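Peer 1: need a structure here:
(chains A and B)
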Protein chains: 2
Amino acid sequence: MKKVLVLGAGQLARMMDLAGSPLNMDVKAFDVRTNKVVHPLAPELIYGDLTDGINNADVITAEFEHVAHDTLAQCEASGKLLPSSQAIKIGGDRRLEKALLENCQVANAKHVIIDSKADFDKAIAALNLPIIFKSALEGYDGKGQWRLKSAEQAEQIWQEMYDFIAQSQASVPQGIVAEQMVPFERELSLVGARSTTGEIAVYPLTENHHTNGILSVSLAAPVCQSLQTQAHKVFTKLTEKLDYVGILAIEFFQVGEQLLVNEIAPRVHNSGHWTQQGTDTCQFENHLRAICGLPLGNTELNRPTAMINIIGEDSVPTDVLATPSVTMHWYEKEKRAGRKMGHINISGNTQAELAQRLNAVAQLLDPKAFPEVAHFAAQYQENQN
Amino acid sequence: MKKVLVLGAGQLARMMDLAGSPLNMDVKAFDVRTNKVVHPLAPELIYGDLTDGINNADVITAEFEHVAHDTLAQCEASGKLLPSSQAIKIGGDRRLEKALLENCQVANAKHVIIDSKADFDKAIAALNLPIIFKSALEGYDGKGQWRLKSAEQAEQIWQEMYDFIAQSQASVPQGIVAEQMVPFERELSLVGARSTTGEIAVYPLTENHHTNGILSVSLAAPVCQSLQTQAHKVFTKLTEKLDYVGILAIEFFQVGEQLLVNEIAPRVHNSGHWTQQGTDTCQFENHLRAICGLPLGNTELNRPTAMINIIGEDSVPTDVLATPSVTMHWYEKEKRAGRKMGHINISGNTQAELAQRLNAVAQLLDPKAFPEVAHFAAQYQENQN
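Peer 2: Okay, here's the model as predicted:
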């Protein structure tokens, strides 16, 4: 039995455990808030502190990239951490991420790193409006971001960013990355795995729709082969450069026929949750297979599949379950506004069938809690006709 | 969150928990050996005794039919037990089972109930040889069975059966059912669910292959519609008679175009493990949906799927995982000869693809541990060509 320690005790560790138990893996989670190692499905079961967790594990991985650097260092010193602390840090710092993309000559939005007011002025001069400023650390789900649409806003935005940086409690200095906003057609992401022997298996590109900066719907359906090839090449470049092991997610902007990397996540990813249903081997299982030195599982799309995030709600009408192929994935978290509480996966044998089922579900969901889902579903169905 | 107590803490309770956690169900298991309620995935977590378990549950169910009758009575008194104690007892006593089949006018092998030497002699007179004698209680996986092929064996078999009955520790008197052995073409089983509102959803018939009395391989592939209809009718008759709620499995002998019921199991069943992969909603999820009053999930076959039982082994070559669509399901049990330790599910988009993958896997497995799997796989592939 392989013993896996996950840094982080949220829904991703939970779903790793659900995927790992049938594989005869013993998955434990390190809760960074309490500094305790817990059972991912029964957090009242405590297995000691980080040192105990490291000692008892065969392999250590992370469910989030904002892990304190001293924790990463302690894990890496054990020789058990996969992916490497370098890869995790890159995912947690947009400056390092941009450096990696440049280093690998991977297309991404034009940008300037900002550490001072002088850099800020330079960014405004170098980039066309609108510009998006993103905190280098700790930004996620739309937090720590500012949009500069006209020059008059500059002073106020600088002040807000300055205060934000000053308040940072990160263990490394906070900073800002200014990016020229890209008028993209859609956001796609690629989730893939690389094994300890360098084997690579990527899932099909996924189309992502956000509401208020949070992922709302992901759609996995056959995409243009040339886009898939482009994405696969980027995945290969980045993971080989990092000698990466595990699941890595890459978010892209599609601009015409080109994919620009928006950001990378060195872990299983929300836009890959549909793989629990649409593929032979889901991202959670493939991550575990990769880090445990097992062969990767098939990542082909079996059936067009969509995922709907459940945000800030702890129930949906039970009739949702009457739609064929619907599976619920609750995270057993306390209800809180804006919190990812669970997700719904839906498949169809054809895109038309998926569209029909997606609409059936969307019509049952409270539009206040799922603001753009019905609209997306209706549009998707229209595209099938 | 629905709280479910399962009577029994084996692999079936475990797989119910794995299916129930994403549905926001809290599944606990009553270990009848220790009389403690435990976490199905972390049995070191103890939640008290049976009374505590009953008080804390919203619904109670069973993973095996040989539950002590006083335990069943205590659970039924709470008003939370589904299916009913009557249904569970019928599954655990071949005499009651036969009475139900006769009562519902469901075809089954000609039989005689034996309580005395006089009955035994009557059975031999009434039935043609060969006769199979099965203990009424506690028989499973080929245990508690005797085959009478020629009249000379009668005295010895009677003696063995007599001793067996005398040694019984069951809470109700042990007995024997004598059955005329049926020269059947194959064994099929039907797993299906009935909801609290009387909704019925059955999976496709599954072809089962046994080795030394233990299920070795199950195959779910499209079958003759008339057999499926026959089986569905039997399922409906039996479950409506019992006002059954949950998953029920029915084992059939196929004799020509007729199905004879061999036995029923009032629970999720080994021959339904393939549903974890070949359908939208597996038997474990549908059992939970049924007993919790949720709509049943789709039971159609998505892809031809096979299951291989792992018996008495605690590892298989990791290369098995390199075959597309293979999923492993280990039960985290201590290795013991003859013990069901886990199973392997394999799917194909076509039967030919499944056959090819099944052969790839079979060739990796130790023939001593999986004695007839390679033979079955080879024959199945031949049938596809």
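
Peer 1: how about the residue nearest to A:Pro317 when sequence neighbours are not counted, what does it touch?
Peer 2: Closest residue to A:Pro317 apart from its sequence neighbours, by CB to CB, 6 or more residues apart in numbering or on different chains: A:Leu364 at 4.9 Å. All C-beta atoms are positioned from the backbone trio N, CA, C, and that covers glycine. Contacts for A:Leu364 (CB atoms under 8 Å, 6 or more residues apart in numbering or on different chains) come out as A:316-317, A:319-320.

Peer 1: same check on A:Gly48?
Peer 2: Per CB under 8 Å, 6+ apart, neighbours of A:Gly48: A:36-37, A:56.

Peer 1: mean confidence for the helix or strand hosting A:Glu263?
Peer 2: Mapping A:Glu263 onto the secondary structure by DSSP states H and E places it in strand A:258-265. Average pLDDT, strand A:258-265: 97.

Peer 1: now do stretch A:353-371
Peer 2: Across stretch A:353-371, the average pLDDT comes to 97.

Peer 1: quick one: buried residues of the strand holding A:Glu263?
Peer 2: For strand A:258-265, a neighbour-count test (16 or more other CB atoms under 10 Å in any protein chain shown) marks A:259-265 as buried.

Peer 1: which bits of the stretch 101-250 of chain A sit near chain B?
Peer 2: Residues of the stretch 101-250 of chain A lying close to chain B (CB under 8 Å from any CB of the partner chain): none.

Peer 1: OK, now which residue of the stretch 101-250 of chain A is nearest to chain B?
Peer 2: With CB to the nearest CB, the shortest gap between the stretch 101-250 of chain A and chain B falls at A:Glu199, namely 9.6 Å.

Peer 1: ok, the residue nearest to that residue when sequence neighbours are not counted - contacts?
Peer 2: Computed as CB to CB, 6+ apart, the closest residue to A:Glu199 that is not its neighbour in sequence is A:Leu296, at 5.6 Å. For A:Leu296, the contacting residues are A:193, A:195, A:199-201, A:281, A:286, A:289-290, by CB under 8 Å, 6+ apart.

Peer 1: and the furthest pair within these?
Peer 2: A:Ile200 and A:Thr281 (14.0 Å; CB to CB).

Peer 1: who has more neighbours, these two?
Peer 2: Under the neighbour definition other CB atoms under 10 Å in any protein chain shown, A:Ile200 and A:Thr281 were set side by side, and A:Thr281 has more, 26 against 18.

Peer 1: dihedrals phi and psi, the more buried one?
Peer 2: phi -130, psi 120 (degrees, to the nearest 10).

Peer 1: buried ones in stretch A:103-121?
Peer 2: Quick answer for stretch A:103-121 (16+ other CB under 10 Å): A:104, A:106, A:108-109, A:111-114, A:119-120.

Peer 1: poorly predicted segments of the stretch 151-300 of chain A, please.
Peer 2: Along the stretch 151-300 of chain A, the model assigns pLDDT under 70 to no residue.

Peer 1: could you export stretch A:93-106 as CSV, CA atoms only?
Peer 2: C-alpha atoms of stretch A:93-106 as CSV (Å, rounded to 0.1, in the frame of the first residue of the first chain):
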residue,chain,number,x,y,z
ASP,A,93,4.1,33.2,-8.0
ARG,A,94,3.1,34.9,-11.3
ARG,A,95,6.6,36.4,-11.6
LEU,A,96,8.2,32.9,-11.7
GLU,A,97,5.5,31.6,-13.9
LYS,A,98,6.1,34.4,-16.5
ALA,A,99,9.9,33.7,-16.3
LEU,A,100,9.2,30.0,-17.0
LEU,A,101,7.0,30.8,-20.0
GLU,A,102,9.6,33.2,-21.4
ASN,A,103,12.3,30.7,-20.8
CYS,A,104,10.4,28.0,-22.7
GLN,A,105,9.4,30.5,-25.4
VAL,A,106,5.7,29.8,-24.8
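
Peer 1: and that stretch, how far out from the chain's middle?
Peer 2: The chain centre lies 17 Å from the centre of stretch A:93-106; the measure is CA atoms, centre = their mean, to the nearest Å.

Peer 1: got a pLDDT number for A:Lys89?
Peer 2: pLDDT, read off for A:Lys89, is 97.

Peer 1: which non-adjacent residue is nearest it?
Peer 2: In space, A:Lys89 is closest to A:Leu96, 6.1 Å off (CB to CB, 6+ apart).

Peer 1: contact partners for A:Thr206?
Peer 2: Taking CB under 8 Å, 6+ apart, we find A:Thr206 in contact with A:188-191, A:218-220, A:271-272, A:274.

Peer 1: take those residues and lay them out in TSV including secondary structure, neighbour count and distance to B:Pro304.
Peer 2: Below are the contacts of A:Thr206 laid out as TSV (DSSP: H, G, I helix; E, B strand; the rest coil; neighbours: other CB atoms under 10 Å in any protein chain shown; distance: CB to CB, whole Å):
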residue	secondary structure	neighbour count	distance to B:Pro304
A:Leu188	strand	26	32
A:Ser189	strand	25	32
A:Leu190	strand	27	30
A:Val191	strand	32	27
A:Ser218	strand	27	28
A:Leu219	strand	25	27
A:Ala220	strand	29	23
A:Ser271	helix	29	30
A:Gly272	helix	28	27
A:Trp274	coil	29	23
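
Peer 1: just put those residues in a markdown table and tack on distance to A:His210.
Peer 2: Below are these laid out as a markdown table (distance: CB to CB, whole Å):
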| residue | distance to A:His210 |
| --- | --- |
| A:Leu188 | 13 |
| A:Ser189 | 11 |
| A:Leu190 | 17 |
| A:Val191 | 17 |
| A:Ser218 | 10 |
| A:Leu219 | 13 |
| A:Ala220 | 16 |
| A:Ser271 | 10 |
| A:Gly272 | 16 |
| A:Trp274 | 16 |
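
Peer 1: fine, thanks again, bye for now.
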